[in-house]
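In: Mind looking at a prediction? Sequence and model below.
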Amino acid sequence: MKLGIVSDTHDNVPAIGAAMERFVAARVEAVLHAGDFVAPFALKRILQARLPVYGVFGNNDGERAGLTKLLPGLADGPRHLELGGKKVCLVHDWSLVGRDHLESADIVVCGHTHQPSVEHREGVLIVNPGEGGGWLSGRCTVAFLDTDRMAADIEEVYQQVRS
């Protein structure tokens, strides 16, 4: 199964649009968002891609009622899913992943640091797509995860103009 992963979009609608267009073009089967949508209008742009979306709240998601109204499954993490025959732990902040979460997952998807990374730790694939919004680094990055290969690639999808 091919998954598109994004996090920390922080209301950057042009960057979100670029990410969703890239996910659609790559024919991902679902999108995982590791938190910090921030406001419902940002989530609306994600949902326009008409792909299944799974998400968790981040520390900057202030309008939780509005976000949950648009995406009823949205919850605090860690959230456990089974996708592509793999056990996925979706969380915003890696520090919330306890030993029990790590042991019960094949894949952990996290965000929060705005730093893209892909690593294998104790037999678990850990993916942080970086920052989808690009407000800090100017780079809007996402990850593409192939559950069959248990591999992920980070791609820049939009360049944030910084003043």
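Out: That came in fine, so what should we check first? Residues are numbered from 1 along each chain as shown.

In: Retrieve the pLDDT associated with residue 2.
Out: For residue 2, the model assigns a pLDDT of 98.

In: no wait, residue 163
Out: Predicted confidence (pLDDT) for residue 163: 58.

In: How much space separates residue 26 from residue 7?
Out: Note on residue 26: its distance to residue 7, by C-beta to C-beta, to the nearest Å, is 17 Å. For glycine as for every other residue, the C-beta is placed from the backbone atoms N, C-alpha and C.

In: Looking at the two now, which is surrounded by more residues?
Out: More crowded of residue 26 and residue 7, by other C-beta atoms under 10 Å: residue 7, with 33 against 12.

In: Is the more buried one in contact with residue 134, as I believe?
Out: No: look at residue 7 against residue 134 with C-beta atoms under 8 Å: they stay out of range, at 11.8 Å.

In: Quick check, residue 19 in contact with residue 131.
Out: No: counting by C-beta under 8 Å, no contact exists between residue 19 and residue 131, whose distance comes to 10.9 Å.

In: Please enumerate the shared neighbours of these two.
Out: Shared contacts of residue 19 and residue 131 (C-beta atoms under 8 Å, 6 or more residues apart in numbering): 9, 140.
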